[in-house]
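Asks: dropping the sequence and predicted coords here.
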Amino acid sequence: MMSITPKALTIAGSDSGGGAGIQADLKTFQELGAYGMSVITAVTAQNTKGVQNIHAIPVEMVVDQLKSIADDLQPHALKTGMLFSVEIIEAVSSHIREFHWNNVVVDPVMIAKGGSELLRKDAVEALKKYLLPLADILTPNIPEAEQLTGRTIADKRGREDAARFLHDLGAKKIVIKGGHLPHESEPVDLYYDGEQMIEFKGKRIETSQTHGTGCTFAAAITAELARGKSPAEAVQTAKAFIQEAISSPLHLGSGHGPTNHWAYRRNNQ
Ligand SMILES: Nc1ncnc2c1ncn2[C@@H]1O[C@H](COP(=O)(O)OP(=O)(O)O)[C@@H](O)[C@H]1O
Ligand SMILES: Cc1ncc(COP(=O)(O)OP(=O)(O)O)c(N)n1
């Protein structure tokens, strides 16, 4: 009997340096056994030192990529990353709806580690209005959760309140990532499915080699959903994947180096 190949799609920006964006997503899909496909929304000139330039792909071309995939290669799961503008968010959201795609992971990418704007400020409302209600799993980091909720998140209670708020906005499941709380020795990713809160704990690694952690984490969830895993199982594997990717740095470039996408498979074979 022919087995079904899990197909995972990333709708995101390209990172020329290979540590984040489309490149990180495809590497992660491959490592977790999913066939990777991409819709490129923007091209960034980027390396470990930062983002040097951004070119948004014309919205018609974003739509054509989406249609090409829908016409021939239906994904079992998809993730969105850097969407940059209101027009791209509207087009991506309406086509996800039209194609009835599910297992949608929304990584609400806003600002790169070096401070560059990967989502225009005027596009935050569009993201909330059009894309958030389509999210089977929404994966904000702390600053993104603060932007989306309009609240400051200072502690566990704040994170739980933010998760409830985002659920009320329409995201079915939420993971608020804990990488941006440097005082926590065990970075906690808080998962909320509308009923229960689960804390996925890791071990904080003191390192500058964290470029692309958010993209890689969301891509690992997507690959696992494509393989038929439940949302909570997918988050658990993603947490293990990113922990190992951060723990075995490649030390490439002179800035925030990329994580090691090989580490998880190498250590779990
Ligand atoms: N220094 C670190 N040590 C261990 N885990 C980390 C570290 N930094 C981030 N993580 C983990 O990496 C994932 C991405 O988190 P985060 O860095 O908050 O996202 P983003 O890249 O979107 O800002 C989360 O699972 C988080 O807990
Ligand atoms: C093209 C592109 N997309 C997303 C990001 C942000 O990636 P993230 O995983 O949040 O990691 P940092 O950039 O914050 O290290 C990006 N940089 N480029």
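Replies: Happy to help now that I have it. All figures in this text were calculated on a predicted structure; none of them were measured in a lab. Residues are numbered from 1 along each chain as shown. Ligands and ions are numbered 1, 2, ... in the order given.
Asks: now Pro75: how far from Leu148?
Replies: For Pro75, the distance to Leu148 equals 25 Å [C-beta to C-beta, to the nearest Å]. Every C-beta, even on glycine, is put in place using the N, C-alpha and C of the backbone.
Asks: which one's more surrounded, these two?
Replies: The neighbour comparison of Pro75 against Leu148 (other C-beta atoms under 10 Å) goes to Pro75, with 26 against 22.
Asks: what residues does the stretch 101-250 of the chain put near ligand 2?
Replies: By the rule C-beta under 6 Å from any ligand atom, the part of the stretch 101-250 of the chain lying against ligand 2 is Val109, Ala112, Lys113, Leu118, His211, Gly212, Thr213, Gly214, Cys215.
Asks: run through the residues you listed and flag the ones next to ligand 1.
Replies: Thr213, Gly214.
Asks: and the furthest pair within the residues of the stretch 101-250 of the chain next to ligand 2?
Replies: Greatest spacing in those, by C-beta to C-beta: Leu118 and Thr213 (14.5 Å).
Asks: let's have the residues of the stretch 101-250 of the chain next to ligand 2 in CSV, adding pLDDT, neighbour count and secondary structure.
Replies: Converted to CSV, those look like this (pLDDT from 0 to 100; neighbours: other C-beta atoms under 10 Å; DSSP: H, G, I helix; E, B strand; the rest coil):
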residue, pLDDT, neighbour count, secondary structure
Val109, 98, 25, coil
Ala112, 94, 23, coil
Lys113, 88, 18, coil
Leu118, 98, 22, coil
His211, 97, 29, strand
Gly212, 97, 30, coil
Thr213, 97, 23, helix
Gly214, 98, 25, helix
Cys215, 98, 29, helix
